[in-house]
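Q: return a 3D structure for these sequence lines:
(one chain, ligands or ions: 1)
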Amino acid sequence: SAQLNELAQKAGKLYFGTATDNEDIGFQNKTYLQILNDTKEFGQLTPSNGQKWFAVEPELGVFNYSYGDVVADIATANKQILRCHNLVWHSQLAPWGYGISYLEQRKPHRRSHRPRNQRSQTLVQPMLRLGRGQRSPQRRRDLSQRHLPPSPRPEYIRIAFRAAAAADPHAKLYYNDYNIESPNNKSAAVRALVRDLKKEGIRIDGVGLQSHFTAGSAPSIDNLIWTMEGYTKLGVEVALTELDIRIMEPETSSNLAQQSSDYKNAVGACMLVDGCVGVTVWDFWDPVSWVPGVFTGMGSACLWFGNFTKHPAYQGVVEAL
Ligand SMILES: O=C1NCC[C@@H](O[C@@H]2OC[C@@H](O)[C@H](O)[C@H]2O)[C@@H]1O
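A: Prediction:
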């Protein structure tokens, strides 16, 4: 039977993909690696941690791409699309970067000759080295932030998008965030941000809907479609960039059935929105999911169980594709 990426591409989408972390136990598991490298299943990869600031600049001005390059190189070898993740966000910052803006920690003499907005550019450039020159033209990069205040938008978002566009004219640039998948203040603020950036001639190509949902309270398919079209009407593409649907442990046939219909709705919404280019799950194997570590008592959020049998949700996704 046809697999996820095959079905997505047959339906006119660019890809069905997954996030993965080469420093997690999956990379010591033959079956996990077989599924990850199976381009009929996954036509796109996102490094879930390796390209974050903590990994890329462990020391001020010292850049290390070895962690981030592993997944990028697998994508290149398999001709899978690479989504780079992430350029600027509030978490997993460089150990020395917490609580200060980029250069403030430096010796006073250096501060003077760098006007403030050049500081974040100094941050963005090395982060952009990752993936540049990847042969697959369809790279995409994530920029996001914790809270999107009402206007004026924080200056650094402009700086990051401008710097990213200058550093890599071929990469598609995305604003990627959570809780922006249904009609609410945050999705309204994202629409305003996209309008502002476009009005100012700052390139933004897409909005990434992270889609970390809870089974039983995931957005309805109508709300998802309405919200996605709210972005595509502004001339950007959209994608589900980090889809996982957590359940309250233990697994039961009813919460797994609920999870399946929620996955079907989410993927189904993307299928019905022209500007939705693809779906990425935030890893596919329960034992490596970030959910239990963050949402107490919850888990089983992926499409494969620990023993590599499939959740009912896998069939839910197939039916939506
Ligand atoms: O944009 C994002 N939104 C939520 C999950 C986060 O990934 C998560 O970050 C924390 C890590 O400990 C975890 O391994 C990773 O999956 C992702 O980068």
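Q: the helix or strand containing residue 67 packs against which elements?
A: Assessed by DSSP states H and E, residue 67 sits inside helix 66-78. In terms of contacts (3 or more C-beta pairs under 8 Å, 6 or more residues apart in numbering; DSSP states H and E), helix 66-78 is packed against strand 44-47, helix 53-56, strand 81-88. Quick note: C-beta positions are derived from backbone N, CA and C, even for glycine.
Q: flag every residue of this structure that's near the ligand.
A: Contact residues (C-beta under 6 Å from any ligand atom) of the chain with the ligand: 21, 48-49, 86, 210, 242, 290.
Q: and these as TSV, adding secondary structure, neighbour count and pLDDT?
A: As requested, the residues of the chain next to the ligand are exported to TSV (DSSP: H, G, I helix; E, B strand; the rest coil; neighbours: other C-beta atoms under 10 Å; pLDDT from 0 to 100):
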residue	secondary structure	neighbour count	pLDDT
21	coil	19	97
48	coil	22	98
49	coil	20	98
86	strand	24	89
210	coil	20	98
242	strand	25	98
290	coil	20	98
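Q: before we move on, the earlier item: same list (the helices and strands packed on helix 66-78) but as JSON lines, adding distance to residue 28.
A: Shown next, in JSON lines, are the helices and strands packed on helix 66-78 (distance: least, C-beta to C-beta, whole Å):
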{"stretch": "strand 44-47", "distance to residue 28": "17"}
{"stretch": "helix 53-56", "distance to residue 28": "19"}
{"stretch": "strand 81-88", "distance to residue 28": "22"}
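Q: and residue 38, its phi and psi?
A: Residue 38 adopts backbone torsions of phi -80, psi 100, taken as degrees, to the nearest 10.
Q: so who does it touch?
A: Residue 38 sits next to residue 3 when contact means C-beta atoms under 8 Å, 6 or more residues apart in numbering.
Q: ok and the residue in the stretch 201-321 of the chain nearest the ligand?
A: residue 290 (3.5 Å; C-beta to the nearest ligand atom).
Q: mind checking pLDDT for the closest residue to that residue other than its chain neighbours?
A: The spatial neighbour of residue 290 that comes closest, neighbours along the chain excluded (C-beta to C-beta, 6 or more residues apart in numbering), is residue 282 at 6.9 Å. Listed pLDDT for residue 282 reads 98.
Q: keeping just the C-alphas, turn the helix ranked longest in the chain into CSV.
A: Ranked by residue count and defined by DSSP state H, the top helix of the chain is helix 253-272. Provided in CSV are the C-alpha atoms of helix 253-272 (Å, rounded to 0.1, in the frame of the first residue of the first chain):
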residue,chain,number,x,y,z
SER,A,253,-8.9,2.2,22.0
SER,A,254,-11.1,5.3,22.4
ASN,A,255,-8.3,7.9,22.9
LEU,A,256,-6.4,6.3,20.0
ALA,A,257,-9.5,6.5,17.9
GLN,A,258,-9.9,10.2,18.9
GLN,A,259,-6.3,10.8,18.0
SER,A,260,-6.8,9.2,14.6
SER,A,261,-9.7,11.5,13.7
ASP,A,262,-7.7,14.5,14.9
TYR,A,263,-4.7,13.6,12.7
LYS,A,264,-7.2,13.0,9.8
ASN,A,265,-8.7,16.5,10.3
ALA,A,266,-5.3,18.2,10.5
VAL,A,267,-3.8,16.5,7.5
GLY,A,268,-7.2,16.8,5.7
ALA,A,269,-7.3,20.6,6.2
CYS,A,270,-3.8,20.9,4.6
MET,A,271,-5.0,18.8,1.7
LEU,A,272,-8.0,21.2,1.1
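Q: what's that helix packed up against?
A: helix 221-232, strand 237-248, strand 276-281, helix 312-320.
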